[in-house]
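Colleague: predicted structure and sequence below. I'll ask about it afterward.
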Amino acid sequence: MLKDVSAAKSLFLGTLVEENLFPFPAVQPAEVETLRMVLDSIDKFMSPKAEHYREYDKKGEQPEAYLQELREMGLFGLIIPEEHGGVGFSNTAYSRVLQQASRYDASTSLTIGAHSSIGLKGVVLFGTEEQKKKYLPRLASGELIAAFCLTEPGAGSDAASIKTNAVLQSDGSWLLNGDKLWITNGPTAGLFTVFARTDGEAGKMTGFIVERAYPGVSSGPKEDKMGIRASATSTVTFNNVRVPAENVLGGVGQGFKVAMAILNNGRTGLGGGCVGAMKRCLNLAIKQSEDRKQFGTSINQFGLMKEKITQMTVVCFAAESVVNLVAGYIDNGCDDYSTEAAISKIYATEALWTVANESLQVAGGNGFMKEYPYEGVVRDCRINMIFEGTNEILRLYVGLSGLKDAGESLAAVKKSAGKMFDDPIKGFGVLSKFATRKVSQLTSFGRPRLTAFAACLKDEAEIYELFTQRFSKANDALLMKFGKKIIGEQLYTRRVADIAIDLFVGLSVLSRVTAIVKAVGEKQAADEISIAKIYTAQAKRRMKFNLQRLITNEDGLTNDLSDSMIKKGEYRWDIV
């Protein structure tokens, strides 16, 4: 694996980094036994509690006695190293645990996940040895539940515009003031990872470890939410809170980097939760489609119902594939996986929305009734496309991060052409690489190639090769057309991101199915091969459509109509 190369961003340049796609990562043998024990314990603990979860959802809270049971099971210490009292799971194993919990209750999964994925992750990733020794054992036991405090009333996706501030005092401590909004575990947390503005040469944001016990820390009432109602969410206020100098997390001025690293590193927790909920929905839909009769026949015998079940299966498998590939990057110490992590969050959350909605549809009228689980899953999963970075913002990140690399490549060509005679070796080297890339875009010669796929997936591999080539060509044309102004062209950027998502998720599926074929043979892997072929056929149609819309679209009309509606302030048509 090439640890300093991004497989997703390389697609923008027309490059397939096969070393980072094959072989598909697996749970480490040393973890398998412990992981199975934890999964079995979760099944035994959560399976009988369906009525409890219904009651918790209705009341909008998890009783303290239930939180204590989670502590006793060790579910607050999953990613904390063993030397600090935790289980020490890898990202892959941790994601699998959250998947299991989410099969039973999204609020429980979120309580655990917000604590581990983002609440305490900063201490694990950036904490000093003193910070780790002081806090991790108490976090592992659940004595302290952790929360992540970044979002504010005026700073959601735009994290850089936070108003919470920390002022350095003469004794080296910091005086913290501000309000944080929609904080998961806010009412129950004993420790907060807080981000505040600290203007200075080193940077404009700093992370802090803040204890609830510090004077001036308070949380508001629990929010009354549409879904994940039992999970505790509230505002958190810091009023002249004195934070010790030793509680700076990751260095003064490094807060933005720390916050983004935490969110990227924690995305497979959310992804695992989405996969678990999808598997639950799919299992319910399969049983419901068998039991429900129409015109004297089980509805699973009708073509439209077969299509629904197939589609739910394909997107669930694809989501599980991309989430686990990204978890493998993290476990293997990759330096740059932020684009891949964003793709996994976008795809997994939208796949769950599709599966939850379709499983409710399969259930018909029953799906709309509270006595059945479908409507609860739909309510619970809607937030996933909003928190930890809205999918709209993450799409812009995926598109622009990839285009940035492509733009820098073009800039290097321009610069080298101008200075070629000052430094001919370097100049000709850059131009040679660019020429090779252009030839590969225009002809089959030099087209990016895959070699590690299973033979039965040759046609699918060729589709990803071809569209990686076309994608690169389209990106160059886009950058030539807009230059730096591409940053403001969000509709174009979204299409670019959607192509990148289809390519990277499809390659994740190709890698996983290849591993399965190699393990059990083509005959035993017939279903998995079908999934790869179906996903690829659908992705091909979407990519072709998005590439065309980079050339021909109705963006001008779209913007004009939106401006008109905003100016008028209302929908103004009627038939009377």
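Modeller: Good, I have the coordinates.
Colleague: only C-alpha atoms for contact and neighbour calcs from this point on.
Modeller: Noted.
Colleague: Glu350 touches Ile386, doesn't it?
Modeller: No: using CA atoms under 8 Å, Glu350 is not in contact with Ile386, being 10.7 Å away.
Colleague: more crowded one of these two?
Modeller: Glu350 (20 against 16; other CA atoms under 10 Å).
Colleague: ok, and the closest non-adjacent residue to the more buried one?
Modeller: Spatial nearest neighbour of Glu350, chain neighbours left out: Met385 (6.9 Å); criterion: CA to CA, 6 or more residues apart in numbering.
Colleague: ok, back up a step: between Glu350 and Ile386, which contacts overlap?
Modeller: With CA atoms under 8 Å, 6 or more residues apart in numbering applied, the contact sets of Glu350 and Ile386 do not overlap.
Colleague: before we move on, back to that, how near is the residue nearest to Glu350 to Ile286?
Modeller: 25 Å (CA to CA, to the nearest Å).
Colleague: please identify which of the two sits among more neighbours.
Modeller: Shown here are Met385 and Ile286; by other CA under 10 Å, Met385 has more neighbours (20 against 17).
Colleague: ok, now which ones touch the more buried one?
Modeller: Applying CA under 8 Å, 6+ apart, the residues contacting Met385 are 346, 349-350, 391.
Colleague: isn't Gly119 right up against Leu150?
Modeller: No: the criterion here is CA under 8 Å, and Gly119 misses it with Leu150 at 10.6 Å.
Colleague: tell me the domain boundaries of the chain?
Modeller: 29-141, 146-258, 266-389 (automatic domain parsing).
Colleague: would JSON lines of those with mean pLDDT and distance to Ser562 be doable?
Modeller: Formatted as JSON lines, these follow (pLDDT from 0 to 100; distance: least, CA to CA, whole Å):
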{"stretch": "domain 29-141", "mean pLDDT": "98", "distance to Ser562": "36"}
{"stretch": "domain 146-258", "mean pLDDT": "94", "distance to Ser562": "22"}
{"stretch": "domain 266-389", "mean pLDDT": "96", "distance to Ser562": "22"}
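Colleague: Gln469: which of the ones you listed is closest?
Modeller: The minimum distance between Gln469 and those falls on domain 266-389, with 19.2 Å, by CA to CA.
Colleague: from the chain's centroid, how far away is the helix or strand harbouring Ala532?
Modeller: Assigned by DSSP states H and E, Ala532 falls within helix 526-549. The chain centroid and the centroid of helix 526-549 are separated by 21 Å, computed with CA atoms, centre = their mean, to the nearest Å.
Colleague: strands of the stretch 301-450 of the chain, start to end?
Modeller: Using DSSP state E, counting those that start in this stretch, the stretch 301-450 of the chain contains no strands.
Colleague: swap in the stretch 1-150 of the chain?
Modeller: According to DSSP E, counting those that start in this stretch, the strands that the stretch 1-150 of the chain contains are 146-149.
Colleague: for Asp179, see how far away the spatially most central residue of the chain is.
Modeller: Relative to the mean C-alpha position of the chain, the nearest C-alpha, by CA atoms, centre = their mean, is the one of Lys345, at 2.1 Å. Look at Lys345 and Asp179: by CA to CA, they are 27 Å apart.
Colleague: for whatever helix or strand Ile183 lives in, packing partners?
Modeller: According to DSSP H and E, Ile183 maps onto strand 174-184. Judged by 3 or more CA pairs under 8 Å, 6 or more residues apart in numbering; DSSP states H and E, strand 174-184 is in contact with strand 146-149, strand 165-168, strand 233-243.
Colleague: just name the most buried of these.
Modeller: Burial of the helices and strands packed on strand 174-184 is given as mean neighbour count (mean count of other CA atoms under 10 Å); strand 146-149 ranks first at a mean of 29.
Colleague: mind saving the C-alpha coords of that strand as PDB?
Modeller: Only the C-alpha atoms of strand 146-149 are listed here, as PDB (Å, rounded to 0.1, in the frame of the first residue of the first chain):
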ATOM      1  CA  ALA A 146     -17.100  12.300  25.900                       C
ATOM      2  CA  ALA A 147     -18.600  14.800  23.500                       C
ATOM      3  CA  PHE A 148     -17.200  16.700  20.500                       C
ATOM      4  CA  CYS A 149     -17.900  20.500  20.500                       C
END
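Colleague: tell me which residues are up against that strand.
Modeller: With CA under 8 Å, 6+ apart, strand 146-149 has contacts from 114-116, 118-120, 139, 180-181, 183-186, 189-195, 236.
Colleague: now the helix of greatest length in the chain, how far from the centre of its chain.
Modeller: Counting residues, the longest helix found in the chain (DSSP state H) is helix 490-520. In terms of CA atoms, centre = their mean, the centre of helix 490-520 is found 14 Å from the chain centre.
Colleague: now for that helix, which elements pack on it?
Modeller: Looks like helix 490-520 contacts helix 7-11, helix 303-331, helix 338-363, helix 391-418, helix 458-482, helix 526-549 (3+ CA pairs under 8 Å, 6+ apart).
Colleague: how about those in JSON lines, adding distance to Val87?
Modeller: Converted to JSON lines, the helices and strands packed on helix 490-520 look like this (distance: least, CA to CA, whole Å):
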{"stretch": "helix 7-11", "distance to Val87": "30"}
{"stretch": "helix 303-331", "distance to Val87": "15"}
{"stretch": "helix 338-363", "distance to Val87": "24"}
{"stretch": "helix 391-418", "distance to Val87": "31"}
{"stretch": "helix 458-482", "distance to Val87": "39"}
{"stretch": "helix 526-549", "distance to Val87": "32"}
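Colleague: Asn559 is nearest to which of those?
Modeller: helix 526-549 (15.4 Å).
Colleague: list the buried ones in whatever helix or strand comes next after the closest one?
Modeller: Downstream of helix 526-549, the first helix or strand assigned by DSSP H and E is helix 555-568. Buried residues in helix 555-568, counted by 16 or more other CA atoms under 10 Å: none are found.
Colleague: going forward, begin numbering at 445 instead of 1
Modeller: All right, first residue 445 from here; so that's helix 999-1012.
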